[in-house]
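> mind looking at a prediction? Sequence and model below.
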Amino acid sequence: MHPDHSSHHPHHNTPAARQARQPGTGHDAEYDYVVVGGGTAGCVIASRLAEDPGTTVALIEGGPSDLDRPEVLTLRRWMGLLGGELDYDYPTTVQPHGNSHIRHSRARVLGGCSSHNTLISFRPLPSDWDEWEAEGAAGWGADAMRPYWSRLRNRIVPVGDADRNAIARDFVAAAHTALGVPLVEGFNRAPFTEGTGFFDLAYHPETNQRSSASVAYLHPHLRAGDRPNLTLLLETWAYRVETERGGRVSGVRVRAADGGLSLLRARREVVLCAGAVDTPRLLLHSGIGPARDLERLDIPVVHDLPGVGENLLDHPESVIVWETHGPIPENSAMDSDAGLFVRRDPNSPGPDLMFHFYQIPFTDNPERLGYRRPPHGVSMTPNIPKPRSRGRLYLTSADPAIKPALDFRYFSDPDGYDARTLVDGIRIAREVARQEPLAGWLKREVCPGPELVTDEELSAYARRAAHTVYHPAGTCRMGAADDRLAVVDPGLRVRGLAGLRIADASVFPTIPAVNPMIGVLMVGEKAADLLRAGDPAAEDAATAAAGRSGGTAAAVPRIPGPRRGYPEQSGESAR
């Protein structure tokens with residue numbers, strides 16, 4: 001794992017300022033690749049493709065740069081970004097079985113959600129990747145995906161010792177004693193089914209600065225100005241994919257902040273990396289999606305693709321809050337530094353219940369139900385690693401400025417598995433809270449409150465107070481050729497169209513049991529390989545560039561043979 005080599009000095013009139021720009025009105029341009037979305041995967045793909053100096057790449061980002069923005073780059077300030085100017089802030093539709101007031105934060109800034117989230121970093125479990133392959137994503141199993149972990153440039157380390165709050169340490173100790181789960185120091189060292197400990201984060205513990213996708217993959221080149229073949233278009237909104245007769249995608253139409261309209265043409269391919277909300281949104285507004293839905297909105301049908309917007313996935317969670325006897329220490333990486341995984345079903349290949357431990361009283365949804373925020377407190381948030389409910393994203397207007405509808409259909413699975421998981425989570429959280437050394441910190445349970453004890457009472461509370469872990473996925477899912485609702489094939493190519501691929505969380509056939517950011521980064525790394533595999537000249541140039549650099553930033557390194565599980569880490573993957 002490469003440490004990122006970014007610095008944090010002002011850039012003034014540096015190459016970074018010159019390289020990042022907006023297209024002017026009517027300024028059409030042509031590149032080899034046009035990448036839509038400067039988020040978690042888009043930063044990886046643009047950086048990797050631009051390793052070949054003979055390849056031109058345009059990276060379109062709807063928000064501003066994160067360079068020299070401490071409110072973005074400082075990890076512990078993440079909660080201040082929610083609902084602000086750098087958040088697209090998507091509402092959900094009415095949820096008959098859950099909370100209809102959930103807002104889905106989607107970042108409007110370079111780096112995407114890796115510039116906006118808590119940077120909790122789990123590589124997907126082998127069972128997560130193998131599940132994809134079983135769903136028709138040939139070549140995406142655990143053995144095939146293992147090498148991409150060691151290529152990531154982000155600095156991924158366990159929560160630093162100075163950031164390990166005393167109450168979080170006592171939570172870990174209490175969970176270990178109460179439940180008998182292993183103590184884990186470094187969740188990425190080996191596959192696991194249960195355990196408690198401090199998370200691995202993509203950050204610099206000494207400064208609390210992010211090691212986001214933009215920081216790790218773009219900042220060094222933006223500051224040095226050593227990628228003149230990479231054009232970064234900020235504050236630029238892609239509103240339509242341009243498709244020619246015969247079904248070849250030739251470019252993207254964009255709007256700059258000043259309202260200027262441009263066509264950015266792609267000689268080779270367009271790559272959509274706008275995320276699980278805005279990638280299907282862009283496709284639908286481009287006439288690519290379920291024909292019946294498009295016709296209903298008078299959007300001309302370019303390509304009937306019924307799976308666009310289907311299979312909307314997320315990790316829903318609920319919350320248990322305790323008041324503490326007084327203030328707790330201030331030190332923390334990002335206020336949710338430790339967690340717990342439980343496997344209730346011994347036949348499950350991975351954990352089936354996860355908890356984040358918050359060193360704050362996380363009461364946004366409970367307050368709406370009448371609970372009051374305590375002056376000092378902590379929270380546990382049980383979430384569903386493998387939810388069975390499936391939702392849908394769809395348009396309500398042909399106007400691209402109108403946000404799409406997000407119907408997650410939370411807790412709609414017919415066997416009630418998702419709701420039961422949260423009830424189990426509340427009961428397990430209470431068990432941990434009764435255990436010393438955590439119990440000594442806690443004054444009272446604020447919500448749901450000790451008077452709620454039956455399954456029915458706990459389920460009603462858990463669903464009404466439910467929240468999201470901000471992990472939407474699956475809306476352009478990958479699948480086999482005979483899968484009618486698959487949007488992309490295992491090469492990430494959009495079915496039925498040429499010159500268009502998707503690489504972001506929307507292609508996930510199923511959601512990983514763990515926080516998905518690392519999975520998205522690995523999708524980006526593999527996507528870069530797949531793109532270059534269709535261009536032998538680019539592959540040869542990238543391999544030669546890797547040789548000149550000692551092989552550590554290989555664009556298309558030769559993949560070593562498969563090995564099950566997680567290897568001991570050395571060299572570039574050490575941390």
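Thanks, I have it. Because the structure is a prediction, the values reported are computed rather than measured.
> where does the stretch 401-550 of the chain have low pLDDT?
The stretch 401-550 of the chain contains residues with pLDDT under 70 at 535-550.
> just the chain next, same as before
Ranges of the chain meeting pLDDT under 70: 1-26, 535-575.
> which residue sits farthest out from the middle of it?
The C-alpha centroid of the chain is most remote from Glu451, which lies 36.9 Å away (Cα atoms, centre = their mean).
> residues contacting Tyr358?
Asp335, Ser336, Val378, Ser379, Met380, Thr381 (Cβ atoms under 8 Å, 6 or more residues apart in numbering). Any C-beta I mention is one placed from the backbone N, CA and C, and that applies to glycine too.
> for Leu152, see how far away it is.
Relative to Leu152, Tyr358 is positioned 27 Å away (Cβ to Cβ, to the nearest Å).
> got it, and Glu436?
39 Å.
> so for these two, which sits in the more crowded spot?
Leu152 (26 against 12; other Cβ atoms under 10 Å).
> is it fair to say Tyr33 lies in a helix?
No. Tyr33: not assigned to a helix; according to DSSP: H, G, I helix; E, B strand; the rest coil it is strand.
> how about it: what's its closest non-neighbour residue?
Distances taken as Cβ to Cβ, 6 or more residues apart in numbering put Val57 closest to Tyr33, at 4.9 Å, once the chain neighbours are dropped.
> what sits against the residue nearest the centre of the chain?
Closest to where the C-alpha atoms of the chain average out (Cα atoms, centre = their mean) is Met517, at 4.0 Å. Met517 is in contact with Thr40, Cys113, Ser114, Asn117, Leu119, Ile120, Ser121, Ala202, counting by Cβ under 8 Å, 6+ apart.
> just put these in TSV and tack on distance to Pro91.
Output for the contacts of Met517, formatted as TSV (distance: Cβ to Cβ, whole Å):
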residue	distance to Pro91
Thr40	23
Cys113	17
Ser114	23
Asn117	19
Leu119	25
Ile120	25
Ser121	28
Ala202	29
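> just those residues: which are in helices?
Judged by DSSP state H, helices contain the following of those: Thr40.
> out of the contacts of Met517, who has the most neighbours?
For the contacts of Met517, the largest neighbour count, defined by other Cβ under 10 Å, is 33 neighbours, found at Thr40.
> got the contact list for that one?
With Cβ under 8 Å, 6+ apart, Thr40 has these contacts: Gly111, Gly112, Cys113, Ser114, Ser212, Ala213, Asp504, Met517, Val520, Leu521, Gly524.
> thought the third one was touching Gly39?
Yes. Using Cβ atoms under 8 Å, Cys113 makes contact with Gly39 at a distance of 6.2 Å.
> what is in contact with these two at once?
Ala107, Gly275.
> beta partners of Met478?
Here Met478 sits in beta bridges with Val488, going by DSSP bridges.
> doesn't Arg493 make contact with it?
No. Look at Met478 against Arg493 with Cβ under 8 Å: they stay out of range, at 9.9 Å.
> higher neighbour count, those two?
When Met478 and Arg493 are compared for neighbours, Met478 comes out ahead with 26 against 19, by other Cβ under 10 Å.
> how close does the more buried one get to Pro490?
6 Å.
> now swap in Pro124 and tell me
Where Pro490 is concerned, Pro124 sits at a distance of 16 Å (Cβ to Cβ).
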